[in-house]
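Q: Sharing a model that was predicted from the sequence below.
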Amino acid sequence: DESFNQKLVNGCTQIYVGSGANVTHSYLEETGGTVTGGVEASSEEEEEGVESKKDIEAKRNELRDTYLESLDVHVTGEDGSYEVAAMCVGGSGKSRVSLSASLLKPGAHATVNGFSLAAGAQRTDFRTNIHHIAQGTTSRQSQKNMVGGRATTSFRGRIRVEQSAQQTDSEQLARTVLLSDKA
């Protein structure tokens, strides 16, 4: 039975950034798998008597896998800085990356640059939560997505500023390019 070959991966990474420290982090979620070409084709374009590309893609074990990752960052020192380039490329089924950054001391900074690439029947989800707790904190966030085939991707970004976090400077930008009509 192929259902026993399904995989669930659930990872968690915690990072603490101290006073005056600068942490640069690169994160790549690439769990393998390949995409069946032509899954975005309409049913009129398919040959009779031949299994459709959509059916082939839907049966693949790799597309039944689920990958979850949590990145939990705490900037605990004054003038500490955290920068991440997080990429979800391809993947083998469903993937969700959740990043939380807490800016706890004055002068703390976080930069989050995210990129997601999905094709075929893949599903990707990228979630961020940047929490400004101390005053004078800054954050910059950019999320870019490319989606093809009949894949789906979502981005949910949240910036929370506490009342105690006066003089906070924060920016967020999200852009998505759809590469097919079915994406």
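A: Alright, I've got the coordinates. Residues are numbered from 1 along each chain as shown.

Q: Give me the local confidence score for Gly32.
A: Predicted confidence (pLDDT) for Gly32: 53.

Q: Please apply the same query to the one 4 residues further on.
A: The score at Thr36 is 58. That number is its pLDDT.

Q: Tyr27 now?
A: Per-residue pLDDT puts Tyr27 at 91.

Q: did I read that right, it in a strand?
A: Yes - assessed with DSSP: H, G, I helix; E, B strand; the rest coil, Tyr27 lies in a strand.

Q: Which residues does it form beta bridges with?
A: In this entry, Tyr27 is beta-bridged to Ala86, by DSSP bridges.

Q: I'd assumed Met87 was in contact with it.
A: Yes - using C-beta atoms under 8 Å, Tyr27 is in contact with Met87, at 7.0 Å. Where you see a C-beta, it was placed from the backbone N, CA and C, and this is true even at glycine.

Q: Comparing these two, which residue is more hemmed in?
A: Using other C-beta atoms under 10 Å, the more surrounded residue of Tyr27 and Met87 is Met87, with 19 against 15.

Q: separation between the more buried one and Ser52?
A: Here the criterion is C-beta to C-beta, to the nearest Å. By it, Met87 lies 31 Å from Ser52.

Q: tally of neighbours for Asp181?
A: 8.

Q: Does Asp44 belong to a helix, a strand or coil?
A: For the record, residue 44 is Glu, not Asp. Going by three-state DSSP: Glu44 is helix.

Q: Equivalent analysis for Gln166, please.
A: Following three-state DSSP, Gln166 is assigned to coil.

Q: which element is Leu71 on?
A: strand 65-75 (DSSP states H and E).

Q: How about Asp55?
A: Assigned by DSSP H and E, Asp55 belongs to helix 53-59.

Q: what pLDDT, on average, does that helix get?
A: The predicted model gives helix 53-59 an average pLDDT of 66.

Q: and what of stretch 122-133?
A: Averaged across stretch 122-133, the pLDDT comes to 93.

Q: and what of stretch 87-95?
A: Across stretch 87-95, pLDDT averages out at 76.

Q: Repeat that for stretch 149-160.
A: 91.

Q: go on, stretch 98-108?
A: For stretch 98-108, mean pLDDT is 97.

Q: Run through who's touching the helix or strand hosting Tyr82.
A: Per DSSP H and E, Tyr82 falls inside strand 81-89. Applying C-beta atoms under 8 Å, 6 or more residues apart in numbering, the contact partners of strand 81-89 are 15, 17, 21-30, 71, 73, 75, 95, 97, 99, 101, 108-118, 124, 126.
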